[in-house]
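Novice: When you get a sec, could you give me coordinates for this:
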Amino acid sequence: MSEQDSSACALQRPISYQQVLDADMGPIPADMRESHPLGAGEMHIDRHVYTSVDFHQREMDKMWSKVWQMACREEQIPEVGDLLVYELGNYSFIIVRTEDRSIKAFFNSCRHRGRKLCSEDTNIREIRCPSHGFSWSLDGELLHVPAKWDFEHMDKASRRLLEVKVAIWAGFVFINMDPASEPLEVYLEVLPTELEGNRYQSKYIAAHSQHILPANWKTVMESFMEGLHAAETHGHAWAHLSDILQYDIRPGARHVSRSFHAVGLPVGEDKPALSEQQIIDQFHRNVANGRAVGPAPRLVEGTTARRYMADVMRLQHKLKTGIDCDDPSDAEAIDVLQYSLFPNLIMFRGISLPPVLRFRPNKNDHNSCIFDLFYLVDVPKGGMRPAPAATIHMGPDDTYEAAGVLPDWLGYIYDQDMDNIKNMREGLKAVNDDPLVLSAYHESRIRHLHATLMSYLER
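Specialist: As a prediction, this is how the structure comes out:
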């Protein structure tokens, strides 16, 4: 590239995500026109927050027991008696649809001798202990006491199953172990308002994978919370992903942060600039058709790759769902618009929604994580809600490409992330006394995550 060409390319390059929106087809939602960068703060993290057994136990005792966390989708327990087991570290819960069709959640522990009551998802008429036969109603009331004559001292009313709080938002079932916790609608902050257009309540689980990964839960979650890694990790496979991002943490926000990552622009600090046609060629291979099925269309003169990609995604969504998608902006059609809900949920905004991601400790192992991926799809307009897909259980060495839970091109992208994650644990343990250093902007959401975590641990 000549010096003149290089200079022209630099002049064409937007310096902010807001400048990208300036050129987009509208209307742009008002909240997306806001920018809330995180100010100065702690830029270092001690390695022990990922590697220490004691730190893990503090999280279990003082954070996980106090926060709202998504346990399942309503559609996973649609009928009376449907029961789902949700596990987190040493905790285990029963989520059940009761006789009045409400949803309750109980600690998965017998009130007689403490045996785990249920080990798998099922449908039941009563909750019965497999050890001695004590049984409870779906509402948690103690129904049957074996050898009742031998338990005259037992107050049945005080032996109800131990209940935890339940609240529902947009089809997601949340639980909280803390009876004094703030209501879910307060905890969610701006999330319901800014993700209202996703219509999550009108979606169903088209695919669900559960992946056991050899890493601390924070390591896995943080891998998805910044775009700094994109050029090195994904650049050769997702070349149309630019390096233009906006990271937002609203003043006073504790639980929600977001980032907007621009797609379909011929710029990238750490990779050669692409022509508009090269971007379309890449998009056609990866997104438009899942795999190469023929030559990509030639761009009409005056049409940008970004606008073409947005039009394709709007049209495809309308054809698949019967839902008119003319209104969403270019950004809502193609950009990676990501939100995180503390402590362990990541969601995306727009019509071409990537999965909902959930992260949690596996058993009581601070070096192991359960990574859930829920691929949600719109219920076709006028159609019946399909049954949720069966869970695909993945081991540490399984790949998303092979699992088939994601489109081929996206599965490959996630496998690139998994390669990084699997090498993090050994690297973190290789040195004990060298703090990790975070960037001021790209890793601001990670800094915010740790600030919120410490606010719970230091209460």
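
Novice: how is this structure carved up into domains?
Specialist: 3-47+190-457, 69-186 (automatic domain parsing).

Novice: For the last one, give the mean pLDDT please.
Specialist: Read it as domain 69-186. Per-residue pLDDT over domain 69-186 has a mean of 96.

Novice: for the protein, which spans come out with low pLDDT?
Specialist: 1-14, 235-239, 267-272, 286-294, 324-326 (pLDDT under 70).

Novice: Can you tell me the SS state at the residue located most distally from the centre of it?
Specialist: Residue farthest from the centre of the chain, counting by C-alpha atoms, centre = their mean, is residue 149 at 50.6 Å. At residue 149 the chain is in helix, as set by DSSP: H, G, I helix; E, B strand; the rest coil.

Novice: among the domains of the chain, which is nearest residue 61?
Specialist: The closest of the domains of the chain to residue 61 is domain 3-47+190-457. By C-beta to C-beta, the value is 8.9 Å. Placement of C-beta: from N, CA and C, glycine included.

Novice: Tell me which other helices or strands the longest helix along the chain touches.
Specialist: Criterion DSSP state H: the longest helix present in the chain is helix 305-321. Where contact means 3 or more C-beta pairs under 8 Å, 6 or more residues apart in numbering; DSSP states H and E, helix 305-321 is packed against helix 276-283, helix 330-334, strand 365-378.

Novice: Single out the most deeply packed of the ones you listed.
Specialist: helix 330-334 (a mean of 26; mean count of other C-beta atoms under 10 Å).

Novice: Run through who's touching that one.
Specialist: 20-21, 24-25, 28-29, 32, 197, 260, 262-264, 306-307, 309-311, 313-314, 325, 337, 349-352 (C-beta atoms under 8 Å, 6 or more residues apart in numbering).

Novice: go with 7 Å
Specialist: 21, 24-25, 28, 32, 263-264, 306-307, 309-310, 313-314, 337, 349-352 (C-beta atoms under 7 Å, 6 or more residues apart in numbering).

Novice: Just after it, pick out the following helix or strand.
Specialist: strand 336-341 (DSSP states H and E).

Novice: can you pull the buried residues of the helix or strand that that following strand is followed by?
Specialist: The helix or strand immediately downstream of strand 336-341 is strand 345-349, counting by DSSP H and E. For strand 345-349, the neighbour count (16 or more other C-beta atoms under 10 Å) marks 345-349 as buried.

Novice: ok, now stretch 208-227?
Specialist: For stretch 208-227, using 16+ other C-beta under 10 Å, the buried residues are 208-209, 211-227.

Novice: What separates the first and last residues of that stretch, distance-wise?
Specialist: Taking C-alpha to C-alpha, to the nearest Å, stretch 208-227 runs 25 Å from one end to the other.

Novice: That'll do, ta.
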